[in-house]
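Asks: Okay, predicted coordinates and the sequence, questions at the end:
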Amino acid sequence: MQRRRDLKAYAVNATNYAITQSFRNVRTLHYDVVTAELVNCVDRSKCTVHLKWETLKAYKDMCHAKGTQSDNIPIEELIRESVFFSYCPFANKA
């Protein structure tokens, strides 16, 4: 019984670490508009050529505030939205 109690803290720490690493890996995936693929981008938040998760999250938050549907968002609409000019570096070029 004591052994299980001692291993519980280790299991919690290992689980938290695994979840943290998973989210870190997801944040490095950005959408490349040119190739229409998810790419592993090492620049993360400093990236200036891909759509990032922050862009999608901001769009979903805006749709939620308006009370509109935010599922199945066309990429073109996401790029066109003026609210994303600060997030999306190539939105002004579209």
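Replies: Looks like it arrived, so ask away. Residues are numbered from 1 along each chain as shown.

Asks: ok, and for the lowest-mean-pLDDT helix or strand in the chain, which residues are buried?
Replies: Counting by mean pLDDT, DSSP states H and E, the chain has its least confident helix or strand at helix 75-80, which shows a mean of 74. Along helix 75-80, these residues count as buried under the neighbour rule (16 or more other CB atoms under 10 Å): 78-79. Just so you know, the C-beta spots here come from the backbone N, C-alpha and C atoms, and that holds for glycine as well.

Asks: who does that helix touch, helix- and strand-wise?
Replies: The contact analysis (3 or more CB pairs under 8 Å, 6 or more residues apart in numbering; DSSP states H and E) places helix 75-80 against helix 53-66.

Asks: show me the contacts for V26.
Replies: For V26, the contact set (CB atoms under 8 Å, 6 or more residues apart in numbering) comprises W53.

Asks: so the particular helix or strand that has it in it versus helix 53-66, what angle?
Replies: Take DSSP states H and E as the rule and V26 turns out to sit in helix 2-27. Angle between the axes of helix 2-27 and helix 53-66 is 90 degrees (criterion: axes from the mean of the first three to the mean of the last three CA atoms, to 10 degrees).
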